[in-house]
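[1] prediction below, plus the sequence it came from.
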Amino acid sequence: MHAGDFADDSSLRQNWKLIERQYHNRGYIKAKVEPAPTIDHAEKTVGYVVSVDPGPVYTMGALTIDNVTDDLRAAMLAAWKIPAGSVFNEGSILAFFATHGVNPALEQVFSSVNCRYFMHPNDNTHLVDLTLALEPKR
């Protein structure tokens, strides 16, 4: 949003989620975005000071792939680029499912199913175990 834009709830929530996703992509999967509004009734404007509590950095743990054949699981594991112990990047999961020209065989499979992921963070070790699942489209 820019100065002078109409501040509707939906757009504001999208902005806070965008900020939160940027932290998630850098391993801060528990980041908390706190917008604090300042309302000027005379000018009929609102401004926001946004603070973020990033929390700890999480790293990649184990990867599990469900609902696929052994051959497809092997192909997906071979294509996965985030090694265990590296900073967890939630955005890379979406990039993986959108292979676009990188791996045509996986791209064809992914386009014909619903690709889902489930993060299993461990707050003691700051590891994120990840489950990828392919489900039939309805």
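    Structure received.

[2] helices along the chain, start to end?
    9-24, 70-79, 90-97, 104-111 (DSSP state H).

[3] pick the most deeply packed of those.
    Stretch with highest mean neighbour count among those: helix 90-97 (a mean of 16; mean count of other Cβ atoms under 10 Å). Backbone N, C-alpha and C define where each C-beta goes, glycine included.

[4] which other helices and strands does that one contact?
    When contacts are defined as 3 or more Cβ pairs under 8 Å, 6 or more residues apart in numbering; DSSP states H and E, helix 90-97 sits against helix 9-24, strand 113-122.

[5] sheet-wise, list the partners of the last one with their directions.
    The strands that strand 113-122 pairs with in its sheet are strand 127-136 (antiparallel) (by DSSP bridges).

[6] center of this protein - which residue?
    Nearest to the mean C-alpha position of the chain, by Cα atoms, centre = their mean, lies residue 90 at 3.7 Å.

[7] quick one, what contacts that residue?
    21, 24-25, 29, 119 (Cβ atoms under 8 Å, 6 or more residues apart in numbering).

[8] repeat the analysis, applying 10 Å as the threshold.
    With contacts defined as Cβ atoms under 10 Å, 6 or more residues apart in numbering, residue 90 is in contact with 21, 23-29, 58, 117, 119, 128, 130.

[9] residue 55 now?
    So residue 55 contacts 23, 27-32, 123, 126 (Cβ under 10 Å, 6+ apart).

[10] how near is the nearest residue to residue 24 once chain neighbours are set aside to residue 36?
    Spatial nearest neighbour of residue 24, chain neighbours left out: residue 90 (4.2 Å); criterion: Cβ to Cβ, 6 or more residues apart in numbering. According to Cβ to Cβ, to the nearest Å, residue 90 and residue 36 sit 26 Å apart.

[11] for residue 59, same thing?
    With Cβ to Cβ as the criterion, residue 59 and residue 36 are 31 Å apart.
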